[in-house]
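>>> Below: sequence and its predicted model.
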Amino acid sequence: MSAPASPFDWAPKLVSSFIDGAFVGEVGGYRIPTFYPGDGRIISELQEADALEVDRAVRSARRAFNDPAWRDMAVEARQSILYRIAETIEANALELATLETLNAGIVRRDVLGRQVLRAAYNFRFFAEAISQQPGQVWQQNKDYLTFVTRHPVGVAALIAPWNSPLALASMKVASAIAFGNTCVLKPSEQTPLSLARLVELINDITPPGVVNLVNGRGGVTGAALTEHPDIDLIAFTGGTETGRQIMQTAGRRLKPAAVELGGKSANIIFADADQERALDGALISIFSNNGQQCLAGSRILVEDSIFDDFVGRFVERAQKIRVGDPLDDATEIGPIASARHREHILSYVGVAQSQGASLLTGGHALDRPGYFVEPTAVLAPSNSDRVCQEEIFGPFAAFVKFRDMEDAIRMANESQFGLVGYCWTQNLDKALRVSQGVRTGLMWVNTPMVRELRAPFGGVKDSGLGRDGAAASMAFFTEEKTTTIPIADTTLRKFGV
Ligand code: NDP
């Protein structure tokens, strides 16, 4: 589609579920307004899917799964579908990026340069991964050959959060369908726009029913989906408390579930680090994606000998960050995704101060329409303060001082979360000790946020259960079957002779 006169013209008036190859259209029911966080205007309306509509979506996915043309498709044919989806995402990059910006408030230039490319890459990556998966054969027992085959699990419930819908949901859809499953995707009720368009584009390429979409509130549509008896597995990204509920549901129903949850990751900066690079990394890891990311380095631990200098330079740079219209290419940080979330972020200024923290910079909403927050940093007296322990999920950094490496590792580990960690040092021994000593799913040394899709991704402790990645996603989205066949003359015991 060529670009309309106004980016807002890309937003549909109504977003409905997409089931069995088509939008269901206007059927009435509960409606939820969708806002542009850049000025608070309503840009679209969401029609909530109730349990009956969710059931239709699951039945559509089941029909598509039961069709051998999909389930038993040759790997080359499946690869070709995944490559075509990647190309389609790239061909529609501006529209997808604009919808993401209008809805999530992420700066469009960044969505175009990162999230949309990442969404396309997710499909391309799994196209390549599925053609390279090795199998297992056991032949130590000379009389028998035992081999393992892998089979798609079935109908997947995929649940995505609002902070980075395209990048996160595309990973789930790509890995689910690459291994032959079908799915029902539920975006956050706050950010349905880019994913509704993505699912429509995917359906131009896949058979109907392979990728379905249901929209609505988590407690209504999301719960109906995860509770549905014909769902075979659940992949969820979102908050820790919702993750616990999902795991309870999955446990009750004995269904596999992978949950990627929150974080409060430590960013450890040693005196012997390349200071300029560490500063760039610290700013990126707390302020990119408007600060709303699970991977944020939101607890910045700095060695005491460089503390004042590092914090001073951080504050100077933070004050120069251009906060504004996410459709403007000059903007570095856009608005917070919702008014409610902005209040949640700002409430932590008072929380921090009540525990003795000092405000280093920011701490206020911008005096303009939209849900803008100044890039904020506080100096916390102790790592045990709430501002260092609770996920704020915004452009809000908490600084704490450490004495030496043991002190830094201890503080990094004093957290209920364990998603990622960052370490900045030129000393290899220190880098290795910190990376092995901090209990997280990932560690980045001297770099922020390099997402290597081939490697496992996921958290420990309250940051989640399960991993994404080439082998990890295959393990989750397929079931193993072991087959044993005699390859020599083997005699059998005879009963009843
Ligand atoms: P939520 O847990 O509130 O929601 C996530 C998704 O789950 C939404 O689609 C939501 O729907 C849905 N949902 C809510 N309740 C239920 C339920 N009872 N049953 C089924 N689905 C439900 O998280 P947020 O959307 O607020 O996302 C932010 C969180 O996500 C942060 O904690 C962040 O750290 C985490 N996150 C983790 C990542 C990781 O990879 N580890 C990556 C990105 C974010 P609705 O919104 O419509 O209510």
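Sure thing, it's come through.
>>> could you check the distance from the most centrally placed residue in the chain over to L492?
The centre of the chain sits closest to L168, judged by Cα atoms, centre = their mean, with a distance of 3.8 Å. L168 is 53 Å from L492, where distance means Cβ to Cβ, to the nearest Å. From N, CA and C alone the C-beta is placed, and that goes for glycine too.
>>> for the residue of the stretch 1-150 of the chain found nearest the ligand, phi and psi?
Here the stretch 1-150 of the chain gets closest to the ligand at one residue, I32, 8.4 Å apart by Cβ to the nearest ligand atom. For I32, the backbone dihedrals are phi -130, psi 120 (criterion: degrees, to the nearest 10).
>>> Can you name the residues that contact the residue nearest to it when sequence neighbours are not counted?
Of all residues not flanking I32 in the chain, L46 sits nearest, at 4.2 Å (Cβ to Cβ, 6 or more residues apart in numbering). Counting by Cβ atoms under 8 Å, 6 or more residues apart in numbering, L46 touches L14, V15, R31, I32, P33, T34, E189, P192, N215, G216.
>>> List buried residues within these.
V15, I32, T34, E189, P192, N215, G216 (16 or more other Cβ atoms under 10 Å).
>>> Widest-spaced pair of those residues?
T34 and G216 (12.2 Å; Cβ to Cβ).
>>> Enumerate the residues of the stretch 351-497 of the chain near the ligand.
Proximity of the stretch 351-497 of the chain to the ligand (Cβ under 6 Å from any ligand atom) is limited to residues E391, F393, L419, G459, G464.
>>> taking the residues you listed one by one, which sit in strands?
Secondary structure from DSSP state E places G464 of those in strands.
>>> what would the residues of the stretch 351-497 of the chain next to the ligand look like in CSV with distance to F147?
Shown next, in CSV, are those (distance: Cβ to Cβ, whole Å):
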residue, distance to F147
E391, 45
F393, 46
L419, 37
G459, 34
G464, 32
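>>> Residue ranges of each domain in this structure, please.
With automatic domain parsing as the criterion, the domains of the chain are listed as 7-261+463-482, 266-445.
>>> ranges for the helices of the stretch 101-250 of the chain?
Applying DSSP state H, counting those that start in this stretch to the stretch 101-250 of the chain gives helices spanning 108-110, 116-130, 165-178, 193-203, 223-227, 240-253.
>>> How about residues contacting the first one?
What that stands for is helix 108-110. Outside of helix 108-110, the residues within contact range by Cβ under 8 Å, 6+ apart are A97, T98, E100, T101, S288, N289, P326, L327, D329, T331.
>>> Between which two of the residues you listed is the distance greatest?
Top of the distance list for the contacts of helix 108-110 (Cβ to Cβ): T98 and S288, 19.2 Å.
>>> Please say which of the two ends up with more neighbours.
T98 (25 against 21; other Cβ atoms under 10 Å).
>>> Tell me the pLDDT of the spatially closest residue to the more buried one that is not a sequence neighbour.
Leaving aside its sequence neighbours, T98 sits nearest to P7 (Cβ to Cβ, 6+ apart; 4.8 Å). P7 is assigned 96 on the pLDDT scale.
>>> Quick one: residues contacting P7.
T98, T101, L102, L327.
>>> ditto for W138
Applying Cβ under 8 Å, 6+ apart, the residues near W138 are L145, T146, F147.
>>> The last one contacts Q136, doesn't it?
Yes - counting by Cβ atoms under 8 Å, F147 sits close enough to Q136 to count as a contact (6.7 Å).
>>> With neighbour numbers in mind, choose between these two.
F147 (14 against 11).
>>> Out of the helices of the stretch 101-250 of the chain, which is the most enclosed?
helix 165-178 (a mean of 27; mean count of other Cβ atoms under 10 Å).
>>> so what does that one touch, helix or strand wise?
Secondary structure elements in contact with helix 165-178, counted by 3 or more Cβ pairs under 8 Å, 6 or more residues apart in numbering; DSSP states H and E, are helix 75-91, helix 93-104, helix 116-130, strand 155-159, strand 182-186, helix 193-203, strand 233-237, helix 470-477.
>>> and P192, what does it touch?
V15, T34, S44, L46, N103, N215.
>>> Could you take these and lay them out as JSON lines, with extra columns for distance to the ligand?
Formatted as JSON lines, those follow (distance: Cβ to the nearest ligand atom, whole Å):
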{"residue": "V15", "distance to the ligand": "12"}
{"residue": "T34", "distance to the ligand": "11"}
{"residue": "S44", "distance to the ligand": "15"}
{"residue": "L46", "distance to the ligand": "9"}
{"residue": "N103", "distance to the ligand": "12"}
{"residue": "N215", "distance to the ligand": "8"}
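>>> Now for the residues you listed: which two are most distant?
N103 and N215 (12.1 Å).
>>> re the thing from before, correct me, but the residue nearest to the centre of the chain touches A160?
Yes - using Cβ under 8 Å, L168 is in contact with A160, at 5.2 Å.
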